[in-house]
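**Q** model the structure of this input:
(chains A, B, C and D)
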Protein chains: 2
Amino acid sequence: MVDLKSGANPLFLREEELRRGIELMFYAYREFTSEPDRILEEIGFGRAHHRAIYFVGRYPGITISELLVILRITKQSLSRVLSQLLERGYVEQTRGKRDQRQRLLSLTESGRALETRLTDTQRRRFAAAYRSAGAEAVAGFTAVLAGIMDPKDLERVDRLRARADEEAGEQDKADGRAGLAAKTGR
Amino acid sequence: MVDLKSGANPLFLREEELRRGIELMFYAYREFTSEPDRILEEIGFGRAHHRAIYFVGRYPGITISELLVILRITKQSLSRVLSQLLERGYVEQTRGKRDQRQRLLSLTESGRALETRLTDTQRRRFAAAYRSAGAEAVAGFTAVLAGIMDPKDLERVDRLRARADEEAGEQDKADGRAGLAAKTGR
DNA sequence: CAATATTAGTCAACATGGCTGACGTATCGC
DNA sequence: GCGATACGTCAGCCATGTTGACTAATATTG
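**A** Here you go, the predicted structure:
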């Protein structure tokens, strides 16, 4: 019993290491959302609005169904926050040119301003943590997180990022979309 | 404009690196909670119950007010989940011997079983991610998370862990507490 | 071209888990 | 003995998730 818990026991160390990771995840996520939450509260929005505005800003021209796949919530839940964002002029919709059923979402000027304000607090927090931990630690951080998340999400993130990279600098042409699903067909 | 977004621009790289961290955090946290959530649903509990049961298991003999500090919720919110855990026999309370006002919380046999079942899914997930990312990555992961979280939380976690380590193998004596606040006075 | 599938929107009802505010009780410590 | 502390509780509100049922417009396919 004593031996099972003693510091010299490798299983105890491993158990402690795993628990530490679990706990840091809990505490870090709470802090990660705390500053945006405060700003959102000022203007009568919640965390769900941040998520929507973030991904619309990230992938301008994204459709409702694509956003649903990313957020993994029901369309009823998304509809609630999205209609508020539309009403209050942070997000706008246009119909897809190729497929008229689709609603292509993008941020308005004030939507971009809000997204920047919200995400900046997180960017700053990450930048500070990255700076103090060092470049190698950052690589380890992202490697472990990538191992924790759903491989499907990881694949999608990587795929979209690759596409965004190769399209960076190009004109948004054709039907005005940013190419999110232009080739995926999903 | 093109230059600002081109891959050669260091500011763009930095921006992408920060956004990637932010997004991985979102996706990883969602996955991190998904398996416990499924188990909890089976037995009619929610994520809040897991948090309570986790920290009671982590710090047996913890008081209500200490748990409130860790969880950062109101006592009314905690009371809701805790009374259910007590009713259904996962957690038990004893009065503090030194201070009779305190309620010292600990897990019952079935509470420990549930905690193990819930947390094991997370442990496995972390263990797999740690294994595939390597030891160095793990160090980076925890360093970055430590930089993201509230320093007060970090300090407390480290302090409690140091205490648990030095007390490992000792008998729980005196008033039956695990020494969580024995010396903190908080 | 007609049938079917897909995309999006909406209404209604419910659960979880946060919150505030207001009190009550027992116990501790000065 | 009195003020502070630890805990419990009632009542109600809000945000954000859920299921289920249905409609409308458009696209696709046999």
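
**Q** confirm that A:Arg125 sits in a helix.
**A** Yes: under DSSP: H, G, I helix; E, B strand; the rest coil, A:Arg125 falls within a helix.

**Q** so it touches B:Asp150, yeah?
**A** No: counting by Cβ atoms under 8 Å, no contact exists between A:Arg125 and B:Asp150, whose distance comes to 10.6 Å. Every C-beta, even on glycine, is put in place using the N, C-alpha and C of the backbone.

**Q** these two: which is more packed in?
**A** Neighbours were counted for A:Arg125 and for B:Asp150 using other Cβ atoms under 10 Å in any protein chain shown; A:Arg125 has more, 21 against 14.

**Q** roughly how far does the more buried one sit from A:Ala137?
**A** 15 Å (Cβ to Cβ, to the nearest Å).

**Q** in chain A, spot the helix with the most residues.
**A** As assigned by DSSP state H, the longest helix anywhere in chain A is helix A:10-42.

**Q** how far does that one sit from its chain's centre?
**A** Relative to the chain's own centre, helix A:10-42 is displaced by 17 Å; criterion: Cα atoms, centre = their mean, to the nearest Å.

**Q** mind listing what's buried along it?
**A** A:12, A:17-33, A:36-37, A:40 (16 or more other Cβ atoms under 10 Å in any protein chain shown).

**Q** that helix near chain B anywhere?
**A** Yes: judged by Cβ under 8 Å from any Cβ of the partner chain, helix A:10-42 comes into contact with chain B at A:12, A:14-32.

**Q** any idea which residue of chain A lies closest to chain B?
**A** A:Gly140 (2.5 Å; Cβ to the nearest Cβ).

**Q** okay, that residue: pLDDT?
**A** Per-residue confidence (pLDDT) for A:Gly140: 97.

**Q** what's the neighbour count on it?
**A** Neighbours around A:Gly140, by other Cβ under 10 Å: 24.

**Q** same question for A:Arg72.
**A** A:Arg72 has 11 nearby residues by other Cβ under 10 Å.

**Q** and for A:Ala137?
**A** A:Ala137 has 23 nearby residues by other Cβ under 10 Å.

**Q** that one: which element?
**A** Secondary structure assignment for A:Ala137, by DSSP states H and E: helix A:135-148.

**Q** find the nearest non-adjacent residue to A:Leu78, please.
**A** A:Leu68 (6.0 Å; Cβ to Cβ, 6 or more residues apart in numbering or on different chains).

**Q** didn't the one you found look like it was pressed against A:Lys75?
**A** Yes: counting by Cβ under 8 Å, A:Leu68 does reach A:Lys75; the two are 5.9 Å apart.

**Q** report the distance from stretch A:95-102 to the chain centre.
**A** 25 Å.

**Q** near DNA strand C, anything from that stretch?
**A** Yes: Stretch A:95-102 reaches DNA strand C (Cβ under 7 Å from any atom of the strand) through A:Asp99, A:Arg101, A:Gln102.

**Q** list the contacts for the nearest residue to A:Glu136 once chain neighbours are set aside?
**A** Spatially, and ignoring its direct neighbours in sequence, A:Glu136 is nearest to B:Gly140 (6.0 Å; Cβ to Cβ, 6+ apart). Residues in contact with B:Gly140, defined by Cβ atoms under 8 Å, 6 or more residues apart in numbering or on different chains, are A:Ala133, A:Gly134, A:Glu136, A:Ala137, A:Val138, A:Ala139, A:Gly140, A:Phe141, A:Ala143, A:Val144.

**Q** let's see 6 Å
**A** For B:Gly140, the contacting residues are A:Glu136, A:Ala137, A:Gly140, A:Phe141, by Cβ atoms under 6 Å, 6 or more residues apart in numbering or on different chains.

**Q** per-residue confidence for the first one?
**A** A:Glu136 is assigned a predicted lDDT (pLDDT) of 95.

**Q** and it, how many neighbours?
**A** 13.

**Q** which helix or which strand is home to the residue of chain A found nearest DNA strand C?
**A** Using Cβ to the nearest atom of the strand, the closest approach of chain A to DNA strand C is made by A:Ser65 at 2.9 Å. Per DSSP H and E, A:Ser65 falls inside helix A:64-71.

**Q** if we can go back for a sec, dump the contacts of B:Gly140 to CSV, plus distance to DNA strand D.
**A** Converted to CSV, those look like this (distance: Cβ to the nearest atom of the strand, whole Å):
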residue, distance to DNA strand D
A:Glu136, 34
A:Ala137, 30
A:Gly140, 29
A:Phe141, 25
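
**Q** out of those, what pair is the most spread apart?
**A** Based on Cβ to Cβ, the longest span within those runs between A:Glu136 and A:Phe141 and measures 9.7 Å.

**Q** would you mind listing what in chain A touches DNA strand D?
**A** A:40, A:44-49, A:51, A:72-74, A:76-77, A:80-81, A:98-101.

**Q** and the residues you listed, which are buried?
**A** A:Leu40, A:Phe45, A:Ala48, A:His49, A:Arg51, A:Ile73, A:Val81.

**Q** quick one: pLDDT of the first one?
**A** Read it as A:Leu40. We have a pLDDT of 97 for A:Leu40.

**Q** now it: how far from A:Arg51?
**A** Taken as Cβ to Cβ, the span from A:Leu40 to A:Arg51 is 11 Å.

**Q** residue of chain A nearest DNA strand D, please.
**A** A:Gly46 (1.6 Å).

**Q** just give the closest residue to that residue, not the sequence neighbours.
**A** With sequence-adjacent residues excluded and distances taken as Cβ to Cβ, 6+ apart, A:Gly46 is closest to A:Leu40, at 5.9 Å.
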